[in-house]
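Visitor: Next comes the sequence, and after it the predicted model I'd like to discuss.
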There are 2 protein chains.
Amino acid sequence: MAKFLVTGGAGFIGSHFCDAALAKGHEVTVFDNFETGQEFFLQGAKKNEKFSLIRGDIREFSEVNKAMSDFKPEWVVHFAANADVRRGLERPRRDLDYNTTGTWNVLESAQKAGAKNFLFSSTGSVYGEPTVFPTPESCPFPEQTSLYGASKLAGEGLIAAYANGFAMNSLVFRFVSILGARYTHGHIFDFMKRLKNDASHLEILGNGKQTKSYLHMTDLMSGLWMAIESQPKGHNVYNIGHDDALIVDQSVGYICDALKIKPRLTYTGGTRGWVGDSPRIQLDCTKLKALGWKTTQSLEQGVRDTVKYLEQQAFLFAEVK
Amino acid sequence: MAKFLVTGGAGFIGSHFCDAALAKGHEVTVFDNFETGQEFFLQGAKKNEKFSLIRGDIREFSEVNKAMSDFKPEWVVHFAANADVRRGLERPRRDLDYNTTGTWNVLESAQKAGAKNFLFSSTGSVYGEPTVFPTPESCPFPEQTSLYGASKLAGEGLIAAYANGFAMNSLVFRFVSILGARYTHGHIFDFMKRLKNDASHLEILGNGKQTKSYLHMTDLMSGLWMAIESQPKGHNVYNIGHDDALIVDQSVGYICDALKIKPRLTYTGGTRGWVGDSPRIQLDCTKLKALGWKTTQSLEQGVRDTVKYLEQQAFLFAEVK
């Protein structure tokens, strides 16, 4: 059993990670500023005596440093981030503050507190617009196309340098978009929110042909834990995604089918939904599969589970910023 | 003729760039905090009426933003950096503050002031310990081994995202170590400083077999200007180095020969001079050569010119921190 400090542990992915860690008998401290995290995602976790919760902001070194030196975790699992890929150019300092400087704050305080293991949620966006599909971790040195991707790549670089310099063990995962319960951010959320106001029409950013891989929360969790339990040494980077992909129009089809509506679809046009959007995301996950990992949920199931969850928790559309 | 704002313009490389820009008839404003820059490197430049100098720190957004909005340059040439590769782990926030956040400050203020062209001095250190030699820009996605490399890679990523997001034109150069007049940082400086105190003995970090490429200032300047004058569009990354390389022992041989001394050499051992040192740096510069660039100075000449300069300006050993 080990002590896990989980930044962003009240978020969509973080809260699932905490539930899994507690179910395995680990001790868990969440560090979250509740900007996008939701306290009720931790309803179950809070009933566990091995769980504790700290309100704090990774942008403040002193706050995360105090949490780290008080708890002295063996594992630091760093999910806290600005995950708003799309609006980077409107608020160009935000990705840097959260995802780069924030990651440094977490990393430096982890190192000072003697944490030897560090897990980081990076993103397939660090590949920009790749030239190789599916894209392996060792693809040609990419060009950044979004501030989100650039800020996460910077976080990865810091972690690699710390792992090499301070003999830490690190797991960097490059995520695709994740689907499943507690989903509160992304195209399904946006589409359903708009369809609640007007079920007769849906405007889609881009031409609807963007091709993206997704992953069900169940499969994400099994991948993260398989890597953690392999007791990694040194710096390790893994893609984590599904072999399948969906074009935006397919995804919209599943959503509308699940909601039993037939809105008129219009398109803003272009191969990208926004400046910095990647027209195609499809990761090669051979490396993670070599640990024994495989996906069990189809992407259609992922979309349908997400829609079902959001229908049951419709208050989230008002709650989540 | 254009207006160039040069950060770090009082430094080793920056001051040569300013001299060249003024010689070509451009208008130049230097922005430098004089932490490592030297006012006397700008002796010549200061006599030119197209030259002006601002004391300021890139770590302070308001300072660089004021300089940028007052001068409104067409080109921003960003050399200001923490260039102390070796001591990253002792002061692990410094690379982030100077090379990542500092770069963001310069970039954002450039963008706000309407500057359309941005040149950045990155480093071959972003390749970590590459698997391909000579290393091309498109080599496999590397792992960072130093905070310096990580912080410069982060700077590169920000520039690429801005170039893509705000339609700026950018030139990112991945430098090897530069040699020539005004050299005030690196192994030749360190060795000569120590040999001044004790010419009978020289301790070398590592096993003396580290293999590194270098480049003469003359060849660096011709490469930068060739790329600038090609009027680049979009985001462009170029390696800049020499096809030749020196092992540390060779370099020491040239230095001692030039100084006419024969110190006893001892080695700290290991294939790396320090944690994060790269045992081999050799860049593939095919891409820059395609613009017509070629080197004219041998590495031996580079070392000898550097030694000669430092012998003539021996007061620098006391002056430079």
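Guide: Received, thanks.
Visitor: how about the strands in chain A?
Guide: Counting by DSSP state E, chain A has strands at residues A:3-7, A:27-32, A:51-55, A:75-78, A:117-123, A:169-175, A:177-179, A:201-204, A:211-212, A:214-216, A:235-240, A:246-247, A:264-267, A:280-281.
Visitor: what's near enough to touch the closest residue to A:Thr296 other than its chain neighbours?
Guide: Nearest residue to A:Thr296 in three dimensions, chain neighbours excluded: A:Asp219, at 6.0 Å (Cβ to Cβ, 6 or more residues apart in numbering or on different chains). (C-beta placed from N, C-alpha, C; glycine too.) Shown in contact with A:Asp219 (Cβ atoms under 8 Å, 6 or more residues apart in numbering or on different chains): A:His242, A:Thr295, A:Thr296, A:Gln297.
Visitor: can you count the residues close to the first one?
Guide: Looking back up the chat, that one is A:His242. The local packing of A:His242 (other Cβ atoms under 10 Å in any protein chain shown) involves 23 other residues.
Visitor: Same question for the last one.
Guide: With neighbours defined by other Cβ under 10 Å, the count for A:Gln297 comes to 18.
Visitor: Kindly provide the distance from it to A:Met192.
Guide: 20 Å (Cβ to Cβ, to the nearest Å).
Visitor: For B:Lys260, find the nearest of the strands of chain A.
Guide: Among these, strand A:235-240 comes nearest to B:Lys260, with 45.7 Å by Cβ to Cβ.
Visitor: what's the angle from the closest one to strand A:169-175?
Guide: Orientation of strand A:235-240 against strand A:169-175 (axes from the mean of the first three to the mean of the last three Cα atoms, to 10 degrees) gives an angle of 20 degrees.
Visitor: So which elements touch strand A:235-240?
Guide: helix A:147-166, strand A:169-175, helix A:217-229, helix A:286-289 (3 or more Cβ pairs under 8 Å, 6 or more residues apart in numbering or on different chains; DSSP states H and E).
Visitor: hang on, A:Gly14 packs against A:Val6?
Guide: Yes - the pair A:Gly14 / A:Val6 is scored as a contact, 5.5 Å apart, by Cβ atoms under 8 Å.
Visitor: which residues do the two both contact?
Guide: With Cβ under 8 Å, 6+ apart, A:Gly14 and A:Val6 have common neighbours A:Val30, A:Val77, A:Phe79.
Visitor: of all those, which comes closest to A:Leu171?
Guide: A:Val77 (9.0 Å).
Visitor: Would you quantify the distance from that closest one to A:Phe71?
Guide: 12 Å.
Visitor: So which of these two has more stuff around it?
Guide: A:Val77 (28 against 19).
Visitor: Would you check how far apart the more buried one and A:Val28 are?
Guide: A:Val77 is 9 Å from A:Val28, by Cβ to Cβ.
Visitor: got any residues that touch both of these two?
Guide: A:Phe4, A:Val6, A:Gly9.
Visitor: tally of neighbours for A:Ile54?
Guide: Count around A:Ile54 with other Cβ under 10 Å applied: 19.
Visitor: need the contact list for it.
Guide: Contacts of A:Ile54 by Cβ under 8 Å, 6+ apart are A:Thr29, A:Val30, A:Phe31, A:Asp32, A:Ala67.
Visitor: Does the first one touch A:Pro73 like I think?
Guide: Yes - in this structure, A:Thr29 is within contact of A:Pro73 by Cβ under 8 Å, at 7.0 Å.
Visitor: Which residues of chain A lie near chain B?
Guide: For chain A, the contact set with chain B under Cβ under 8 Å from any Cβ of the partner chain comprises A:88-89, A:92-93, A:96, A:100-101, A:104, A:108, A:128, A:137-147, A:149-151, A:153-154, A:156-158, A:160-162, A:164-166, A:235, A:237, A:275-276.
Visitor: returning to that earlier point: columns distance to B:Asn207 and mean pLDDT on top of the helices and strands packed on strand A:235-240, output as TSV?
Guide: Below are the helices and strands packed on strand A:235-240 laid out as TSV (distance: least, Cβ to Cβ, whole Å; pLDDT from 0 to 100):
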stretch	distance to B:Asn207	mean pLDDT
helix A:147-166	19	97
strand A:169-175	27	98
helix A:217-229	35	98
helix A:286-289	33	98
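Visitor: what's the most buried one of these?
Guide: Of all these, helix A:147-166 has the most neighbours on average by mean count of other Cβ atoms under 10 Å in any protein chain shown, namely a mean of 28.
Visitor: So what does the residue nearest to A:Lys66 when sequence neighbours are not counted have for phi and psi?
Guide: Once flanking residues are discounted, A:Lys66 sits nearest to A:Gly56: 7.8 Å by Cβ to Cβ, 6+ apart. The phi/psi pair for A:Gly56 (degrees, to the nearest 10) reads phi -170, psi 170.
Visitor: I'd like to know how far A:Gly56 sits from chain B.
Guide: Counting by Cβ to the nearest Cβ, to the nearest Å, the gap from A:Gly56 to chain B is 19 Å.
Visitor: same question, A:Ser109
Guide: 11 Å.
Visitor: what's the burial count for the residue nearest to A:Ile261 when sequence neighbours are not counted?
Guide: Distances taken as Cβ to Cβ, 6+ apart place A:Ala199 nearest to A:Ile261, at 4.7 Å, with adjacent residues excluded. Applying other Cβ under 10 Å, we find 14 residues neighbouring A:Ala199.
Visitor: what's near enough to touch A:Ala199?
Guide: A:Leu259, A:Ile261, A:Pro263.
Visitor: Narrow those residues to those in helices?
Guide: A:Leu259 (DSSP state H).
Visitor: Including neighbour count and pLDDT, could the contacts of A:Ala199 go into CSV?
Guide: CSV is the format used below for the contacts of A:Ala199 (neighbours: other Cβ atoms under 10 Å in any protein chain shown; pLDDT from 0 to 100):
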residue, neighbour count, pLDDT
A:Leu259, 18, 94
A:Ile261, 12, 94
A:Pro263, 18, 96
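Visitor: Give the full set of residues in contact with A:Leu42.
Guide: A:Gly9, A:Ala10, A:Ser15, A:Cys18, A:Val30, A:Phe51, A:Leu53.
Visitor: any idea which of these is closest to B:Leu179?
Guide: A:Gly9 (50.8 Å).
Visitor: Do I have it right that that closest one meets A:Glu39?
Guide: No - using Cβ under 8 Å as the test, A:Gly9 is too far from A:Glu39 to be in contact (11.0 Å).
Visitor: Who has more neighbours out of the two?
Guide: Using other Cβ under 10 Å as the criterion, A:Gly9 and A:Glu39 rank with A:Gly9 on top: 30 against 13.
Visitor: if I look at the more buried one, how far off is B:Lys308?
Guide: Distance from A:Gly9 to B:Lys308, by Cβ to Cβ: 60 Å.
Visitor: about what we covered before: how many residues are close by the residue nearest to A:Lys66?
Guide: Quick note: A:Gly56 (other Cβ under 10 Å) scores 20 neighbours.
Visitor: list the contacts for it?
Guide: A:Phe31, A:Asp32, A:Asn33, A:Glu63, A:Val64, A:Lys66, A:Ala67.
Visitor: Those residues in helices, which ones?
Guide: A:Glu63, A:Val64, A:Lys66, A:Ala67.
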